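Student: compute the structure for the input listed below.
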Amino acid sequence: MASDHITVDITGSNTPLEGGDLLDLTVRLENSAATDERVELSLVVGRDPEVVGQRTVPVEAGETRTVEFLQFRTYPVRRDDTFPVRVETEMDVAEMMVTVTGIDPFDARYAYPKREQELTVQPGTTVLFEIDAEMLDH
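Tutor: Model (predicted):
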């Protein structure tokens with residue numbers, strides 16, 4: 001249900017950060033309506049906007065809620081870079097620019113591959129997967 005009574009603001013982040021690090025955002029949602037709302041949030045990153053995470057959160061009538069939003073792992077870069085990040089609801093958008101500092105090319109070998117890259121692992125290699133606990137709520 002779309003509501004023009006919900007506003008969204010990015011109130012905190014861990015920027016600037018090093019290429020390959022996790023971007024953390026803190027978001028404030030305000031519900032000025034007299035009814036409770038379920039708000040669908042989308043995390044959109046990049047100059048070619050890509051939705052990298054979604055989350056639905058309840059916000060009670062007349063209340064403001066702070067949400068630690070989904071994390072996004074930045075790409076490892078060799079030179080400093082900036083890119084836009086947006087948090088969108090059905091009726092409002094909050095945007096900021098994120099600065100990522102370049103990393104030494106030696107360190108880049110240990111950073112994760114981009115999504116479109118194929119990853120090859122030698123037989124017998126131990127592989128560790130991480131998952132954000134908040135993603136398990138979906």
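Student: counting neighbours, what do you get for the closest residue to Gln71 other than its chain neighbours?
Tutor: Of all residues not flanking Gln71 in the chain, Leu22 sits nearest, at 4.6 Å (Cβ to Cβ, 6 or more residues apart in numbering). C-beta coordinates here come from the backbone N, C-alpha and C atoms, glycine included. Look at Leu22: counted by other Cβ atoms under 10 Å, it has 12 neighbours.
Student: so which elements touch whatever helix or strand Arg28 lives in?
Tutor: Per DSSP states H and E, Arg28 falls inside strand 25-31. On a contact count with 3 or more Cβ pairs under 8 Å, 6 or more residues apart in numbering; DSSP states H and E, strand 25-31 meets strand 6-13, strand 37-45, strand 50-59, strand 64-68, strand 81-88.
Student: with mean pLDDT and mean neighbour count added, can I get these in TSV?
Tutor: Shown next, in TSV, are the helices and strands packed on strand 25-31 (pLDDT from 0 to 100; neighbours: other Cβ atoms under 10 Å):
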stretch	mean pLDDT	mean neighbour count
strand 6-13	94	16
strand 37-45	93	18
strand 50-59	91	15
strand 64-68	93	14
strand 81-88	94	17
